[in-house]
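Visitor: Sharing a sequence plus its predicted fold:
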Amino acid sequence: MAKRYIDATASRKVELAVNELGSLSVPPCVAVQYLSKLVQGRPGPQSKSAGLGSSFSPASVADILECEPACAAAILSLAQRQAAGPARQRHSVRLVLDRLDGNDVRDALLRTKVAAAFEIEFADQQLGSPTRKELILHSLAVACCARRIAEPAGVDPHMAWSAGLLHDIGKLALQDVMPKSLAAIAREAEASSASLYTVEHNHLGTNHTLLGKQLAQRWRLPEPIVLAIWLHHRDASSLQAVPEARIALLVRAADHIVRQAGIGQSASFDAPAAIREISDSLGVPARTLQQILDELPAEVKRRSEALGLEIPQPMARYCDLVQIVAADLAQRHTKLSVEGRSLQTVSGYLTFVQEFLREQGSSLSAIDMAEDFARRWQRFFQTGTVCVCLTAGAREGALDTAIVEALGHSHKTVLEAPAEESPIPKPLAGRFAMVDANDRIDWLLDQVDVDFNRGQTKVLPLLSDGQAIGLIAFELNYPADAGLFAEKFEMAATLAGMVLGLALTRERQEHLAERLSHDNGSLKPSASASEGGVIRDPVESLAEMAAGIAHELNNPLSVITGRAQLIAQSETDGQKRNALERIVENAREASNLVEDLLAYAEPPQPRVGLIDIRQVIEEAIDLAGRKIGAEHLNTQVHVAQDVPEILVDSAQVASALANVIANAVESYADAMGPVKITAEPIGSGGDFGVSSSGVRLQISDLGCGMDEATRKKAASPFFSAKPAGRKRGMGLAFASRLVQLNGGSLQIESQSGHGTTVTVTLPTE
């Protein structure tokens, strides 16, 4: 009992020691080979590329990595973790290298432990112990042999190669963690003419196949490879009885043939099986096996040249390469640190832009938007008093102005335009520039009821389509910020110019409509367009504004996202990595916002055709289910028998209806309540201003409903009654936009606590 307890304790200690290995070690000669490729890929002194391995191609090291067990295990493990390529190909180093990112492969190689000179010398000096080079040569020979046997044996050659190359990773792990013990075991095996596998249990209470299996499973290597590592020392007869273990039987055969050929050393000294015995176990002709045996030394010699096993002074060459790599990495780290700080600033700017855009809607006036922008400008850039003056308003001579004082208090006022000069200083009239206030805006500073520090006040134009539609004046608390934030000032002012310019255009159009209506009654006031809940917002103006914003932000966001990802991949500091990941998340969220803006602003033109309303409703229900992740929706559909076909783009209308149905389902706390859908014909001169015959479709729920304020905004882009961050608020906006594009209309009726009914009319001709 005591000995059994000691054996169990010893084996568990060995298992824990091996389990601590992040990777197997490689000898310096192998590291020299792949580091040379990495260094060859680094940019020259004039290059603006990112650094070490910027032009590195994983394919350039394929000959090395597929022939060395430690490297091959690291790459196959990486491929499994990243699901690189089809699962059926993840057993081949060469195949997965084409699917893996070069940066990931480079990082995996740089993380692989390289055995120090004293470790190699110590292990090689252990009497009876196989050297690392001999173990690698043995593994490479088994891989070559297994691949040659695979085709006549009916096994995937790539799988056979990898299984053969990795069959002794447990032995390599033992040499890494306890070289003296491995040497003692090897000496005993030689003295007793026994297999290393047999002797190991007496010393360790375990063996290299079990340890190799443990590592292979932890590194998530493919299951057939795990079986070959674990079972290749079992009797051929027991393996023949298990079809799943045929790969292990093949590797066992390759191991015996390689030992006959005397290539490398395995530290097993029992007699290898004869060719005839191997032939009978595999069902492969003995003549074929003998030919493989005869040709094996030449093939192994050719393939091992890629590993550099015989290069002179490998440790000295490795140290030289490490020095080059370290210098390159230090330079890159410095550059990335600078870029990281810049990106943190950009991340804050993105939040500034994103929050500003989310708060704007068609119901806000230009001066309300200007006041909101001024508050955000002051808070983000840490300035003093800020003043935004709109010079292109609807009422000539009266300039709407928003002021945010130094302590954050804001108010709006109206200023008189100067009588004999333009309110916009000449240097700012048609191009972006930042100028000192001096006496350029005396007309403004004399009218506002706050005191600006004129020596610290800067003035920027707000440009829309190349014309100044206003200006922003602000106190710069820290003069050095003028150069530091110059680019950010321009980006923010350009954004504000686009948004405010479009809002002012809309207001001028509405003002003109009101004047015409007052003169001859030919136009109704814009407010009447929304009576009864019909969606009558100035959609085209909003769409134009959305498109302009989206196109302006798209490219910068793509650059920011890509650069932040690149920096995060190589950042070792956890806090900095988290900050960079937040930048990526914020940039992606902003990119999604831009995508929604573009989708809303520039939907494809409808491709109309006659279609049965029933088919459109079925497609919409299916889309809604997928949108909210529900397999079944509690819908009640009733379509009148005399409903004609509708003349619409069926895909666009189905998408619009799906958004409405999804909203109806989500109005219930448990998303299980009924949604009633009805369709009936309407005659000429029907509801909501539809002048031709059509179909009226209603979608009703008994959910939470909406109050009047929420109902009026429900179809506005980016409006959502749900908590911030939960929904982007584009469902009903998209629905309304698509329905109108197809010649229809959308009306919302709702009462808080009593449900909602959305009525959609669609044309039939």
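Guide: Received, thanks.

Visitor: residue contacts, the nearest residue to G743 once chain neighbours are set aside?
Guide: Distance criterion C-beta to C-beta, 6 or more residues apart in numbering; nearest residue to G743, sequence neighbours excluded, is P763 at 4.4 Å. Every residue, glycine included, has its C-beta placed from N, CA and C. With contact taken as C-beta atoms under 8 Å, 6 or more residues apart in numbering, P763 is in contact with 646-648, 690, 692-694, 742-744.

Visitor: Show me which pair in the residues you listed is furthest apart.
Guide: S693 and N742 (15.1 Å; C-beta to C-beta).

Visitor: now the strands: where do they sit in the stretch 401-550 of the chain?
Guide: Along the stretch 401-550 of the chain, the stretches classed as strands by DSSP state E, counting those that start in this stretch are 410-416, 435-436, 457-464, 467-475.

Visitor: Q378: which of those strands is closest?
Guide: Ranking the strands of the stretch 401-550 of the chain by proximity to Q378 (C-beta to C-beta) places strand 467-475 first, at 7.3 Å.

Visitor: What is the three-state secondary structure of P681?
Guide: Under DSSP: H, G, I helix; E, B strand; the rest coil, P681 falls in the strand class.

Visitor: Just the pLDDT at the residue nearest to G743, thanks.
Guide: P763 is assigned 92 on the pLDDT scale.

Visitor: ok, how many other residues are close to L390?
Guide: Using other C-beta atoms under 10 Å, L390 has 26 neighbouring residues.

Visitor: thought it was touching A370?
Guide: Yes. Here L390 reaches A370: they are 6.0 Å apart, a contact under C-beta atoms under 8 Å.

Visitor: Name the residues contacting each of the two.
Guide: By C-beta under 8 Å, 6+ apart, L390 and A370 have these common neighbours: 400, 470, 500.

Visitor: Which one (most neighbours) among those residues?
Guide: Neighbour counts for those (other C-beta under 10 Å) peak at G470, which has 29 neighbours.

Visitor: Beta-bridge partners for it, please?
Guide: Using DSSP bridges, the beta-bridge partners of G470 come out as L390, L462.

Visitor: doesn't I367 make contact with it?
Guide: No. Judged on C-beta under 8 Å, G470 makes no contact with I367 at a distance of 10.1 Å.

Visitor: shared neighbours of those two, anything?
Guide: Here G470 and I367 have L390 as joint contacts, going by C-beta under 8 Å, 6+ apart.

Visitor: Got phi/psi on G164?
Guide: G164 adopts backbone torsions of phi -70, psi -40, taken as degrees, to the nearest 10.

Visitor: just to revisit the earlier point, need phi/psi at the residue nearest to G743.
Guide: In terms of degrees, to the nearest 10, the main-chain angles of P763 are phi -80, psi 160.

Visitor: try F485
Guide: Note on F485: backbone dihedrals following degrees, to the nearest 10 are phi -110, psi 10.

Visitor: Look up the closest residue to it, ignoring the ones flanking it.
Guide: Once flanking residues are discounted, F485 sits nearest to F381: 6.1 Å by C-beta to C-beta, 6+ apart.

Visitor: need the contact list for that neighbour.
Guide: Going by C-beta under 8 Å, 6+ apart, F381 touches 474, 481, 485, 488-489.

Visitor: any idea how far it is from F373?
Guide: 12 Å (C-beta to C-beta, to the nearest Å).

Visitor: Does T209 touch L174 like I think?
Guide: No. Counting by C-beta under 8 Å, T209 does not reach L174; the two are 11.2 Å apart.

Visitor: if we can go back for a sec, out of the contacts of F381, which one sits closest to L35?
Guide: Lowest distance from L35 to the contacts of F381 (C-beta to C-beta) belongs to K488, with 41.0 Å.

Visitor: Identify the residue spatially nearest to that closest one, adjacent ones excluded.
Guide: That would be Y349: by C-beta to C-beta, 6+ apart, it lies 5.8 Å from K488.

Visitor: Show the pLDDT at the one you found.
Guide: Looking at Y349, its pLDDT stands at 70.

Visitor: I'd like to know which elements the helix or strand hosting it is packed against.
Guide: With elements taken from DSSP states H and E, the one containing Y349 is helix 314-359. For helix 314-359, the packing partners by 3 or more C-beta pairs under 8 Å, 6 or more residues apart in numbering; DSSP states H and E come out as helix 28-40, helix 366-381, helix 486-520, helix 539-570, helix 574-601.

Visitor: rerun at 10 Å
Guide: The contact analysis (3 or more C-beta pairs under 10 Å, 6 or more residues apart in numbering; DSSP states H and E) places helix 314-359 against helix 28-40, helix 117-124, helix 366-381, helix 486-520, helix 539-570, helix 574-601.

Visitor: Least confident of the ones you listed, on average?
Guide: When these are compared on mean pLDDT, helix 117-124 scores lowest, with a mean of 54.

Visitor: burial measure for S266, as a count.
Guide: Neighbour tally, S266, other C-beta under 10 Å: 26.

Visitor: That one - that's part of a helix, no?
Guide: No. Under three-state DSSP, S266 sits outside any helix and is assigned coil.

Visitor: so what are the domain limits for this protein?
Guide: Listed domain ranges for the chain are 2-44+57-311, 344-601, 609-763 (source: automatic domain parsing).

Visitor: out of these, deepest packed?
Guide: With neighbours defined as mean count of other C-beta atoms under 10 Å, these peak in mean count at domain 2-44+57-311, which reaches a mean of 20.

Visitor: is it true that E645 touches A679?
Guide: No. Applying C-beta atoms under 10 Å as the test, E645 and A679 come out as separate, 11.5 Å apart.

Visitor: Following the chain onward from the helix or strand of the chain with the lowest mean pLDDT, which element is next?
Guide: Lowest on mean pLDDT, DSSP states H and E among the helices and strands of the chain sits helix 117-124, with a mean of 54. Per DSSP H and E, the first helix or strand lying C-terminal to helix 117-124 is helix 132-153.

Visitor: What angle do helix 28-40 and that following helix make with each other?
Guide: With axes from the mean of the first three to the mean of the last three C-alpha atoms, to 10 degrees as the basis, helix 132-153 and helix 28-40 are set at 80 degrees to each other.
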